[in-house]
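In: Only the shape, not the letters, is given here:
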């Protein structure tokens with residue numbers, strides 16, 4: 001994979017958009033003291049290069065009482081390249097899994113799972129996750145209170 005080099009203007013644009021993705025190119029240009037065409041060109045390149053993947057709305061989870069968040073550690077039985085890739089490909093298909101990380105340590109993967117309630121989690125676990133080949137141990141942790149959640153990466 002070709003390494004993409006970002007300059008300070010690229011980083012400043014990304015920081016602003018992580019703060020508020022609804023900023024128009026004119027607003028970004030004004031804030032960064034650049035001309036609008038420069039920002040349009042840079043944004044286009046950042047999207048083409050896959051630096052900016054998409055623009056999303058971040059919701060206030062507290063407004064939705066019917067969301068249960070679980071962090072589930074998954075240990076797989078086989079660590080062959082094919083097994084690890086197969087697990088990751090299959091888990092991406094589950095809408096309940098909103099994040100998946102291949103990890104170091106006692107467990108191989110960390111999944112962030114969002115469902116309606118404990119019955120929904122049980123249904124997901126029994127009818128989807130447990131049906132994947134190569135599943136070993138699972139350990140789940142449920143969110144009681146969300147103190148901080150950031151979606152912007154510090155760059």
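Out: Structure's in. What do you need? What you are looking at is a predicted structure, and each value in this text was computed from that prediction instead of being measured.

In: Okay, now the sheet partners of the stretch of helix or strand residue 98 belongs to, with direction.
Out: Counting by DSSP states H and E, the element that carries residue 98 is strand 97-102. Paired neighbours of strand 97-102 in the sheet (DSSP bridges): strand 109-115 (antiparallel).

In: Now tell me what touches the helix or strand following the partner strand from outside.
Out: Note on strand 109-115: by DSSP H and E, the next helix or strand toward the C-terminus is helix 118-127. Contacts to helix 118-127, defined as Cβ atoms under 8 Å, 6 or more residues apart in numbering, come from residues 68, 70, 94, 96, 113, 115, 138, 140. In short, each C-beta sits where N, CA and C put it, glycine included.

In: can you name the farthest residue from the center of the chain?
Out: Distance from the C-alpha centroid of the chain peaks at residue 35, with 32.0 Å (Cα atoms, centre = their mean).

In: so what's the spatially most central residue of the chain closest to, chain neighbours aside?
Out: The centre of the chain sits closest to residue 99, judged by Cα atoms, centre = their mean, with a distance of 5.0 Å. Nearest non-adjacent residue to residue 99, counting by Cβ to Cβ, 6 or more residues apart in numbering: residue 112, 3.9 Å away.

In: what does residue 23 give?
Out: The spatial neighbour of residue 23 that comes closest, neighbours along the chain excluded (Cβ to Cβ, 6+ apart), is residue 16 at 5.8 Å.

In: ok, back up a step: quick check: angle from the strand holding residue 98 to helix 118-127?
Out: Interaxial angle of strand 97-102 relative to helix 118-127 (axes from the mean of the first three to the mean of the last three Cα atoms, to 10 degrees): 50 degrees.

In: So which bits of strand 97-102 are buried?
Out: Of the residues in strand 97-102, 97, 100 count as buried by neighbour count, 16 or more other Cβ atoms under 10 Å.

In: Need the contact partners of it.
Out: Identification of contacts with strand 97-102 by Cβ under 8 Å, 6+ apart yields 84, 88, 91, 92, 108, 109, 110, 111, 112, 113, 114.

In: By neighbour count, which of those wins?
Out: residue 113 (24 neighbours; other Cβ atoms under 10 Å).

In: What's the separation between that one and residue 9?
Out: 38 Å (Cβ to Cβ, to the nearest Å).

In: And for residue 148?
Out: Distance check for residue 148 against residue 9: by Cβ to Cβ, it reads 29 Å.
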